[in-house]
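In: Got a sequence here, can you model it:
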Amino acid sequence: PSLTWQQLTGQPLPPGMTPVPSNSLNNGMGGGSAEEKLNRELFIGNTTPEMTEAMLRDFLGRAMEQVGLTRIPGNPIVSC
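Out: Got it, this is the predicted structure:
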């Protein structure tokens, strides 16, 4: 199963927030209801017109690796 940001970083859940149900369906690789998909989506705004999906995937994957948010080799970002 996937871990939450709080589990990965050891940070507490912000006040007033409730935990999201486990996202272990298909090992966090997609599937599930529209509501589950919404819980996995991340909006990235204010990018340049030159930014491509591949550039964004590579950037976010490297950033996650640098701060220790990856557990296995390879880019954890599977789609944009």
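In: CA atoms only for stretch 6-21, dumped as CSV, please.
Out: This file holds the C-alpha atoms of stretch 6-21, laid out as CSV (Å, rounded to 0.1, in the frame of the first residue of the first chain):
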residue,chain,number,x,y,z
GLN,A,6,2.7,12.4,6.9
GLN,A,7,3.9,8.7,7.1
LEU,A,8,6.8,9.4,4.7
THR,A,9,7.9,12.6,6.4
GLY,A,10,6.9,12.0,10.0
GLN,A,11,4.9,15.3,10.0
PRO,A,12,1.6,15.4,11.7
LEU,A,13,-1.7,16.0,9.9
PRO,A,14,-2.6,19.7,9.9
PRO,A,15,-5.3,20.7,12.4
GLY,A,16,-8.8,20.2,11.1
MET,A,17,-7.8,17.7,8.4
THR,A,18,-9.1,14.2,8.3
PRO,A,19,-7.0,11.3,6.9
VAL,A,20,-7.7,10.1,3.4
PRO,A,21,-8.7,6.5,3.1
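In: Off-centre distance for the strand or helix carrying R62?
Out: Using DSSP states H and E, R62 sits in helix 53-66. With CA atoms, centre = their mean, to the nearest Å as the basis, helix 53-66 stands 11 Å off its chain's centre.
In: helices or strands up against that helix?
Out: Packing partners of helix 53-66 (3 or more CB pairs under 8 Å, 6 or more residues apart in numbering; DSSP states H and E): none among the helices and strands. Where you see a C-beta, it was placed from the backbone N, CA and C, and this is true even at glycine.
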